[in-house]
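In: Test case, fold it:
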Amino acid sequence: MRYLVVSDNHGDRDILVQLVKQYKGKVDAFFHCGDSELDTSDHLWDYFTAAVKGNCDYDLGFPETAIKNIGEDVIFLTHGHLSNVRFGLTQLALQAEEAGANIALFGHTHEIGCEMHQGILFLNPGSIRQPRGPIQIQSYAIIDSTEEQLDVQYYDRSFSLVPELHFSFKK
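Out: The predicted structure follows:
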């Protein structure tokens, strides 16, 4: 299975339209980790498997979290502000574990993050609009999930892969 993960576009609808146009039919699921600043009624969400509410989303129609079962993967999705991800991943790890997830997706910090811990992949795609931290790339991520491994590749806003931001983990 192939998943596209994006977050924190902060009102830039056009980049989401471009991502859908570029990857429609090439990925199995689109995930948005919050702070889109778009309305839940926007037809663009028809292409997304899940989108959650960020701290800058004021439409009450977005859920705080989502759990999706796709193939052999259980994916837990949240923005991260309510999981205190700025202070570590402990609370997020507990939520993902409780959900039975093997993949936990989050945003909020605008910083790229990818690590495997106790059988759960924790992935922050960074911000497609306003990156923060040491890696100043407007980014999104694609996860390729097979029976044996999770392969993560980050891309920049122009759809170019970032070679040094590639990670593989055994399931």
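In: Neighbours of the closest residue to His10 other than its chain neighbours, how many?
Out: Nearest-residue entry for His10: Arg129, 5.1 Å, with adjacent residues in sequence omitted and distances by Cβ to Cβ, 6 or more residues apart in numbering. In short, each C-beta sits where N, CA and C put it, glycine included. Residues contacting Arg129 under the criterion other Cβ atoms under 10 Å number 18.
In: Need phi/psi at the residue of the chain positioned farthest from its centre.
Out: Centroid-distance maximum for the chain: Glu148 at 21.1 Å, with Cα atoms, centre = their mean. Torsion angles at Glu148 (phi, psi; degrees, to the nearest 10) stand at phi -100, psi -30.
In: coming back round to it: list the contacts for the residue nearest to His10?
Out: Neighbouring residues of Arg129 by Cβ atoms under 8 Å, 6 or more residues apart in numbering: Asp8, Asn9, His10, Asp12, Ile15, Gln138.
In: would you say it is within a helix?
Out: No: Arg129 sits outside any helix when classified using DSSP: H, G, I helix; E, B strand; the rest coil, being coil.
In: Next, it: phi, psi?
Out: Backbone geometry at Arg129, expressed as degrees, to the nearest 10, gives phi -120, psi -40.
In: Please determine how far it is located from Leu16.
Out: In this structure, Arg129 and Leu16 are 10 Å apart, going by Cβ to Cβ, to the nearest Å.
In: Name the residues of the top strand by length along the chain that are buried.
Out: Ordering each strand of the chain by length in residues (DSSP state E) puts strand 161-170 first. Of the residues in strand 161-170, those buried by neighbour count under the rule 16 or more other Cβ atoms under 10 Å are Leu165, Phe167.
In: neighbouring strands for it, and are they parallel or not?
Out: strand 149-156 (antiparallel) (DSSP bridges).
In: Need the residues that contact the strand it pairs with.
Out: If you take Cβ under 8 Å, 6+ apart as the criterion, strand 149-156 is touched by 103, 112, 114, 116, 121, 123, 125-126, 137-145, 161-162, 165-171.
In: quick check, distance from that strand to the centre of its chain.
Out: Relative to its parent chain, strand 149-156 has a centroid offset of 11 Å by Cα atoms, centre = their mean, to the nearest Å.
In: Next, the buried residues of that strand.
Out: Applying a neighbour-count criterion of 16+ other Cβ under 10 Å, the buried positions in strand 149-156 are Leu150, Val152, Gln153, Tyr154, Tyr155, Asp156.
In: Identify the contacts common to Arg129 and Leu16.
Out: Counting by Cβ under 8 Å, 6+ apart, the common neighbours of Arg129 and Leu16 are Asn9.
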